[in-house]
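> Quick one, structure for this:
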Amino acid sequence: MSDPQLVMLQDEDGRIKVQPTWCSNGFQSKGNAAIYVLRHGETEANAEKKFRGWLNLDLDKNGLQQAKDARKYLQDKNIKQVFCSDLGRTVKTAQLAFPKIKATKDRALRPWDVGYFSGKSKDEYQEALNWFIDHPEKSIPDGESLKEFSDRQKKAFEKYLKIAKEDGPILLVAHSSNCIQFDKLSEGKDELGRPEDSEYVLPGGVMVILDQGSLGLKSEPVHRASNNAAMYGS
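Okay, the predicted model is just below:
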């Protein structure tokens, strides 16, 4: 699809609604699909509505199936390299979702470290965590500030975008907070999302970051796990 054709599809805000069928090998061959980002599958902590952060959790039964469902979507996307957070839930998701390539682990793809809040109930502690979201320079006890997390994600995004442009498309297997920040960065917005308070991709879902040439980058969710309920967090 050429740039003039893309321009014709733009809405008033200059955005283009990406259809899942666009992410075929033919579309990728024109250099558009640069990065796929797969959010790991569900864990028991998701189902129990607890903050995860850097806790090393296993996928539950639903999470295992979500990773397998993602494999069906990703298998024909001509992915060249796979990278994942070094936490167990993302490593297992990567193994199940794209077994053809062994994932390279990268701590930079860990989610926002919510420290003190890890393992605690969202219903009880969301308001307290929101204070740190609204004050992004303040570090969470035993964790990191939202600004620190954002800076970490900006470096990771630039690193992986370079790899994708040289030898893509690539797959990143990460967390909800990563997806939120990558969406902001792909839109050229140097601003903070609201991880742990909102989400862009559900467990087992996939977003794609597209390189539109002169139109720049954009991101769109392109796959949602069939047995998914909204579960905020990392």
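
> from here on, contacts and neighbour counts on C-alpha atoms
OK.

> Could you check how far residue 66 is from residue 89?
Here the criterion is C-alpha to C-alpha, to the nearest Å. By it, residue 66 lies 12 Å from residue 89.

> Between these two, which contacts overlap?
Listed as contacting both residue 66 and residue 89 by C-alpha atoms under 8 Å, 6 or more residues apart in numbering are residue 41.

> what number of residues lie near residue 226?
By other C-alpha atoms under 10 Å, 12 other residues sit near residue 226.

> I misspoke; the intended subject was residue 64.
When neighbours are defined as other C-alpha under 10 Å, residue 64 has 21 of them.

> okay but it is in contact with residue 41, surely?
Yes - counting by C-alpha atoms under 8 Å, residue 41 is a contact partner of residue 64 at 6.5 Å.

> The closest residue to residue 97 other than its chain neighbours: how many residues sit nearby?
Spatial nearest neighbour of residue 97, excluding adjacent residues (C-alpha to C-alpha, 6 or more residues apart in numbering): residue 71 at 4.1 Å. For residue 71, the neighbour count with other C-alpha under 10 Å is 19.

> shared neighbours of residue 64 and residue 41, anything?
In contact with both residue 64 and residue 41: residue 93, using C-alpha under 8 Å, 6+ apart.

> measure the most centrally placed residue in the chain to residue 140 for me?
Nearest residue to the geometric centre of the chain (C-alpha atoms, centre = their mean): residue 179, 2.9 Å. Distance, residue 179 to residue 140, using C-alpha to C-alpha: 21 Å.

> swap in residue 111?
In this view, residue 111 and residue 140 are 14 Å apart by C-alpha to C-alpha.

> burial of residue 134, as a residue count?
With other C-alpha under 10 Å as criterion, residue 134 counts 12.

> I'd like the mean pLDDT over the helix or strand where residue 130 lies, please.
Counting by DSSP states H and E, the element that carries residue 130 is helix 122-134. Averaged over helix 122-134, pLDDT sits at 95.
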